[in-house]
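In: predicted model follows, preceded by the sequence.
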Amino acid sequence: MSSRSSRSWRRIDGVLLLDKSSGMTSNSALQSARRIYSAAKAGHTGTLDPLASGLLPLCFGEATKFSADLLEAEKTYEAEILFGVTTDTGDAEGAVLQRHLPDFGQADLEAALQRFRGRIHQIPPMYSALKRNGKPLYQLARQGLSVEREAREVTISELRLIDFSGHACRLHVSCSKGTYIRTLAEDIGNVLLCGAHLTALRRTAVGSLTVSEAITLDRLITLSGEDRAQYLREPDTLLQSLPAVHLDDQTTLRFMHGHPVSLTNGTAGLQGKCRVYGDSKLLGLGMADGSGEVKPRRLVCV
């Protein structure tokens with residue numbers, strides 16, 4: 001009998017802030033954490049490239065219902081870039097395409113960075129999980145194929161130089177969903193007329209969640225079951241950016257049966273997504289229409 005079928009899986013509801021190591025896929029990290037907790041149901045809030053290390057929020061049980069809500073959150077990274085060398089993947093794992101001697105100073109780099117702050121357009125790389133006719137672009141790229149990709153608008157809210165050594169630099173980047181840091185590195189290198197590629201990437205934050213609060217798999221596996229449980233956060237950890245609505249016993253019952261409920265005067269003008277509580281317990285995700293009513297969107301099993 002396989003270990004998978006003989007394992008005793010159990011219901012666990014919560015969020016784990018994992019500090020993923022470089023070289024591991026997000027799915028491998030998820031499955032390893034799932035086995036450590038023997039969690040019956042697990043998911044993540046968006047992939048982190050194998051090259052990258054850092055914060056990967058993982059969801060177990062009822063928390064998986066809200067994993068998509070963190071996909072829209074702003075991401076923060078520390079990126080290391082090498083100038084003068086371009087690769088076919090835009091990062092250190094690719095084959096070298098060209099070499100040019102960098103000939104610029106820190107002032108030139110600062111001027112180049114200014115061009116990438118705010119709303120910009122990026123052309124997604126061929127080595128990405130975006131699909132064309134149902135096939136991921138990276139599969140086409142590995143066959144030596146290249147297809148036309150439309151530029152996408154993304155927002156870089158912060159782009160700051162941490163250090164610069166002449167041929168390399170380290171950047172702090174806060175950006176919107178869908179931003180490719182590899183592409184940003186290449187585009188900066190193109191502006192500086194020498195090319196560049198990403199040599200290291202670490203995600204330090206997803207929304208209000210930070211890597212300083214995360215734990216590595218190596219550390220997690222050494223802990224007792226009781227200590228591991230201390231690292232599991234409540235499912236509403238993923239919803240903290242949303243306004244909270246608290247219902248009384250009567251409206252709680254109606255909400256949990258899938259019916260819209262009327263809000264109190266204090267939140268009557270609320271509009272958009274909200275996290276809904278009854279007796280201080282998370283009931284689920286609601287959608288307020290601004291008229292004093294909130295409708296259930298996703299409910300938890302209590």
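Out: Right, received. Where do you want to start?

In: ignoring the adjacent residues along the chain, who's closest to Gly90?
Out: Residue nearest to Gly90 in three dimensions, not counting chain neighbours: Arg182, with 3.6 Å by C-beta to C-beta, 6 or more residues apart in numbering. To be clear about C-beta, it is placed using only N, CA and C from the backbone, and glycine gets the same treatment.

In: and that neighbour, that one's in a helix?
Out: Yes: according to DSSP: H, G, I helix; E, B strand; the rest coil, Arg182 belongs to a helix.

In: hang on, it packs against Asp91?
Out: Yes: with contacts counted by C-beta atoms under 8 Å, Arg182 reaches Asp91, the gap being 5.2 Å.

In: who has more neighbours, these two?
Out: Neighbour comparison, Arg182 and Asp91: the larger count goes to Arg182, with 27 against 24 (by other C-beta atoms under 10 Å).

In: tell me which helix or strand Val276 sits in.
Out: Element membership for Val276 (DSSP states H and E) is strand 271-278.

In: ok, back up a step: next, show the common contact partners of Arg182 and Asp91.
Out: His197, Leu198 (C-beta atoms under 8 Å, 6 or more residues apart in numbering).

In: so where's the protein shaky on pLDDT?
Out: Residue ranges of the chain with pLDDT under 70: 1-6, 128, 265-268, 302.

In: tell me the secondary structure at the residue most central in space within it.
Out: Of all residues in the chain, the one closest to the mean position by C-alpha atoms, centre = their mean is Gly46, 4.8 Å from it. Following three-state DSSP, Gly46 is assigned to coil.

In: likewise for the one 4 residues further on?
Out: Of the three states, Pro50 takes coil according to three-state DSSP.

In: outside of stretch 262-280, which residues touch it?
Out: Identification of contacts with stretch 262-280 by C-beta under 8 Å, 6+ apart yields 69, 236, 239, 242-249, 251-252, 255-256, 282-290, 292-294, 296-297.

In: quick one: which of the residues you listed sit in helices?
Out: Residues of those located in helices (DSSP state H): Asp249, Thr251, Thr252, Phe255, Met256.

In: with distance to Gln114 and neighbour count added, can I get those residues in a markdown table?
Out: A markdown table is the format used below for those (distance: C-beta to C-beta, whole Å; neighbours: other C-beta atoms under 10 Å):
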| residue | distance to Gln114 | neighbour count |
| --- | --- | --- |
| Asp249 | 56 | 8 |
| Thr251 | 51 | 21 |
| Thr252 | 51 | 19 |
| Phe255 | 49 | 22 |
| Met256 | 51 | 19 |
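
In: just these now: which is nearest Thr64?
Out: For the ones in helices among the contacts of stretch 262-280, the closest approach to Thr64 (C-beta to C-beta) belongs to Met256, at 18.9 Å.

In: now do the contacts for that closest one.
Out: Met256 touches Gly278, Leu283, Pro296, Leu299, Val302, counting by C-beta under 8 Å, 6+ apart.

In: buried ones in the strand holding Val276, by neighbour count?
Out: Across strand 271-278, burial judged by 16 or more other C-beta atoms under 10 Å covers Lys273, Cys274, Arg275, Val276, Tyr277, Gly278.

In: coming back round to it: closest to Thr204 among the ones in helices among the contacts of stretch 262-280?
Out: Phe255 (36.6 Å).

In: now the nearest residue to the closest one once chain neighbours are set aside: how far from Pro296?
Out: The shortest distance from Phe255 to any non-neighbouring residue, by C-beta to C-beta, 6+ apart, is to Val261 (5.0 Å). In this view, Val261 and Pro296 are 9 Å apart by C-beta to C-beta, to the nearest Å.

In: which residues do those two both contact?
Out: Contacts common to Val261 and Pro296, judged by C-beta under 8 Å, 6+ apart, are Phe255.
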